[in-house]
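>>> structure here, sequence nowhere to be found:
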């Protein structure tokens, strides 16, 4: 079977991932807006993901994915209350988590397929089209496109 004949990998479902982690509790609180819309509070054997209830459906999905990836990696850190000299470490960690979220929610093969379809029509693909196709926010969509463009063919 040719690679092109295979169905693209389905996107990761953060809601299913949350259900599969009984040690992770989900809460909604407006205070999460202070950290960009979501935060992870974790301790030994337990974690709480807090989402801002004002997030729309796509942003909520992406924020949950982001915090679950942090939880997988051993917890998150938004940099609040840390010494300034750790800013670069925090930025690298956040960038790595953002990349992983984009890769999981917008699988490369499926995105490549969308781009090839549109390219066959002589059109490009805008981030909003990726957002619509993969049910992600514009930030994740734009990052997924940039990762695809930067990846070797």
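Happy to help now that I have it. Fair warning: this is a prediction, and the values are worked out from it, not measured in the lab. Numbering: from 1, shown residues only.
>>> so where's the longest helix in the chain?
helix 87-105 (DSSP state H).
>>> may I see the buried residues of the helix or strand encompassing residue 111?
Using DSSP states H and E, residue 111 falls within helix 108-120. By 16 or more other Cβ atoms under 10 Å, the buried positions in helix 108-120 come out as 110-111, 114-115. Where you see a C-beta, it was placed from the backbone N, CA and C, and this is true even at glycine.
>>> what angle do the longest helix of the chain and helix 108-120 make?
70 degrees (axes from the mean of the first three to the mean of the last three Cα atoms, to 10 degrees).
>>> how far is helix 87-105 from where the chain is centred?
Put simply, helix 87-105 sits 9 Å off its chain's centre (Cα atoms, centre = their mean, to the nearest Å).
>>> list the buried residues for it?
Neighbour-count burial for helix 87-105 [16+ other Cβ under 10 Å]: 93-94, 97-98, 100-105.
>>> in this structure, what spans have low per-residue confidence?
1-9, 75-83, 85-87, 120-122, 152-153 (pLDDT under 70).
>>> in it, mark out all the strands, start to finish.
Assigned by DSSP state E, the strands in the chain fall at 24-28, 38-43, 46-51.
>>> quick check: angle from the last one to strand 38-43?
Orientation note: strand 46-51 sits at an angle of 170 degrees relative to strand 38-43 (the same axes, to 10 degrees).
>>> what residues does strand 46-51 touch?
Applying Cβ atoms under 8 Å, 6 or more residues apart in numbering, the contact partners of strand 46-51 are 18, 21, 23-29, 31-32, 37-42, 60, 63-64, 67-68, 71, 75.
>>> who does it pair up with?
strand 24-28 (parallel), strand 38-43 (antiparallel) (DSSP bridges).
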